[in-house]
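Engineer: can't give you the sequence, but here's the structure:
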């Protein structure tokens, strides 16, 4: 079998990208590594609550520090992705992230940890992740090619959420068994990066579909911004990513605060709630693997509104069990939106610009977290943890409605809702212009 035939798409199944050897290596190692990452996230959030006396503001701040560097470094990471070998760049970033996890584990294990240590290490991890994310996202196209890119994006989200399903639960059990000691979670994460590094080093470089490298030149960051601004469809996706990423995707803060403040429970309950959210997320990601073409803009709008409504209902749940149950459809709605938005951007950009555009996308999606996470944390601390969910959901609904109105300019719009089977569809007709007084004409 030739290298080309190994990469060629075959069939239309959910897991068709796994027929590509390089992608199989990457995906299997990524599952292990991301499980460790989720163990660290749970351990880090729990450690901050332990050191800060259950402060929602501190929890929001640690999240802001971890994602804040995205605003400053993500576009630079996109330039590196377009300019240099992505596989080698990922070896470097993955090694650095493993080292940072090891340092945090050693500090906790030796009782030398202080809250400022966690802040500094979270900021350093955020800096490396800001470079890693656009490289990793654009690397998917080199692994499978454009024919399988939509499926690979969905499978990456499936892997991410499979790890989210396992990681928090394992972290909760490990931390609980260690009487609240979070060090084992950090050590497990440090070791997990070895799997991704090994997979990257054992890939067959000749089977990668590399984009032509962009020569070093001035103004490449501005070129990425101009390219995006010239495409209104990309601008809409970026705007939705920014608003929802800032205000609605803060479940690492809201679930932790709901567990401690509303339900008065411990690390195992926190891990279980995170797992419930992950079950929904995994479901949404698996549903998205069937997609083989670029999503439509109206799908992005409807999925944003549905996610917002689910978040609001989640915040209104009166007890632990009902809250846990509602986290499942909320997680599914969140992933349907995020996978669709990611695929929409990746499939709508030229290969030579993909690294910089994906960097801008992650700046929008994750860069608002330094603003949103402390705000949601402050809201939850002063008004009650449920209000963090309600506020985030309300903003998501408003963003979806605003995007729908923007798309509806000069068009005939009809919203169709059905109860059995459940469905919510937005029908947007062709743009309408007037050819004669009082007589509209449809224009494609």
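Structural biologist: Received it, and whenever you're ready, just let me know what you need. In this text the structure is predicted, and so the values were computed from the model without any measurement.

Engineer: for this protein, which residue occupies the most central location?
Structural biologist: residue 338 (6.6 Å; CA atoms, centre = their mean).

Engineer: next, the buried residues of stretch 303-319.
Structural biologist: 303-315, 317 (16 or more other CB atoms under 10 Å). C-beta coordinates here come from the backbone N, C-alpha and C atoms, glycine included.

Engineer: nearest residue to residue 334 other than its sequence neighbours?
Structural biologist: Closest residue in space to residue 334, ignoring its immediate chain neighbours: residue 307 at 5.3 Å, by CB to CB, 6 or more residues apart in numbering.

Engineer: packing partners of the helix or strand where the one you found lies?
Structural biologist: Element membership for residue 307 (DSSP states H and E) is helix 297-315. Under the contact criterion of 3 or more CB pairs under 8 Å, 6 or more residues apart in numbering; DSSP states H and E, helix 297-315 touches helix 232-247, helix 320-346, helix 385-407, strand 423-436.

Engineer: what pLDDT does residue 322 get?
Structural biologist: Residue 322 carries a pLDDT value of 92.

Engineer: going along the chain, name the helices of the stretch 51-200 of the chain.
Structural biologist: For the stretch 51-200 of the chain, the helices defined by DSSP state H, counting those that start in this stretch cover 56-67, 69-83, 86-109, 115-144, 149-177, 183-201.

Engineer: which of these sits closest to residue 288?
Structural biologist: Comparing those by their distance to residue 288 (CB to CB), the top pick is helix 149-177, with 4.2 Å.

Engineer: so how many other residues sit close to the closest residue to residue 231 other than its chain neighbours?
Structural biologist: Using CB to CB, 6+ apart and skipping residues adjacent in sequence, the residue nearest residue 231 is residue 348, 7.0 Å away. Residue 348 sits with 14 neighbouring residues when counted by other CB atoms under 10 Å.

Engineer: now residue 348. Its backbone dihedrals?
Structural biologist: phi -110, psi 20 (degrees, to the nearest 10).

Engineer: from memory it sits against residue 235, does it?
Structural biologist: No. With contact defined as CB atoms under 8 Å, residue 348 does not reach residue 235; the gap is 11.2 Å.

Engineer: and residue 173, how far is that from residue 272?
Structural biologist: In this view, residue 173 and residue 272 are 10 Å apart by CB to CB, to the nearest Å.

Engineer: more neighbours, the two?
Structural biologist: A direct count of neighbours by other CB under 10 Å for residue 173 and residue 272 places residue 272 higher, at 18 against 14.

Engineer: and the angle from the helix or strand harbouring the more buried one to helix 320-346?
Structural biologist: Following DSSP H and E, the helix or strand that holds residue 272 is helix 267-288. Angle between the axes of helix 267-288 and helix 320-346 is 40 degrees (criterion: axes from the mean of the first three to the mean of the last three CA atoms, to 10 degrees).

Engineer: which strands and helices sit next to helix 267-288?
Structural biologist: By 3+ CB pairs under 8 Å, 6+ apart, helix 267-288 packs against helix 21-52, helix 149-177, helix 251-257, helix 320-346.

Engineer: circling back: for the residue nearest to residue 334, which residues are in contact?
Structural biologist: 244, 248, 330, 333, 334, 336, 337, 393, 396 (CB atoms under 8 Å, 6 or more residues apart in numbering).

Engineer: also residue 14?
Structural biologist: 151, 155, 286, 289, 290.

Engineer: do you know how far the first one is from residue 144?
Structural biologist: If I follow you right, that is residue 151. Relative to residue 144, and taking CB to CB, residue 151 is found at 8 Å.

Engineer: ok, now the last one?
Structural biologist: To residue 144, residue 290 is 16 Å away according to CB to CB.

Engineer: give me the more crowded residue out of those two.
Structural biologist: residue 144 (26 against 12).

Engineer: no further queries at this time; thank you.
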